[in-house]
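Trainee: My questions concern the predicted model and sequence given below.
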Amino acid sequence: MIEIPKGIEHHNRPNEPAWFSTVDTDGNPLKPIIRCNCGRFMGIRLHHVHADGTVTASFFHTKGPVLGSDPEGCEWHVFLKLKDWTGHDFPPGTE
């Protein structure tokens with residue numbers, strides 16, 4: 001498992017993994033956006049973000065032409081923990 005820090009700006013250290021907080025139009029917290037090891041930003045809608053910052057299942061930036069993969073995927077496959085996570089619990093399938 002690797003811990004990734006909270007990103008402060010989208011352009012700080014653009015090729016290092018980080019997580020970025022997001023909110024809806026009313027200011028309610030949503031699941032974070034992950035900046036992959038390759039620098040691409042990705043949502044994790046199908047993952048569970050636990051209150052302690054652990055993300056399950058594993059994060060995999062798949063490469064390929066099949067649905068759910070990215071033609072430019074870097075194949076980074078890790079178990080993530082979000083450092084300094086907010087404490088919110090977001091089950092799979094929630095925003």
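Mentor: It's in.

Trainee: beta partners for the residue nearest the centre of the chain?
Mentor: Residue closest to the average C-alpha location in the chain (Cα atoms, centre = their mean): residue 34, at 2.9 Å. Residue 34 forms beta bridges with residue 19, residue 42, as assigned by DSSP bridges.

Trainee: pLDDT value on it, please?
Mentor: Looking at residue 34, its pLDDT stands at 96.

Trainee: quick one, what contacts it?
Mentor: Residues in contact with residue 34 (Cβ atoms under 8 Å, 6 or more residues apart in numbering) are 4, 17, 18, 19, 20, 41, 42, 43, 44, 59, 80. Using the backbone N, CA and C atoms, a C-beta is placed for each residue, glycine as well.

Trainee: Name the nearest residue to the last one, sequence neighbours excluded.
Mentor: Residue nearest to residue 80 in three dimensions, not counting chain neighbours: residue 55, with 4.2 Å by Cβ to Cβ, 6 or more residues apart in numbering.

Trainee: which residues does that neighbour form a beta bridge with?
Mentor: In beta-bridge terms (that is, DSSP bridges), residue 55 pairs with residue 49, residue 80.
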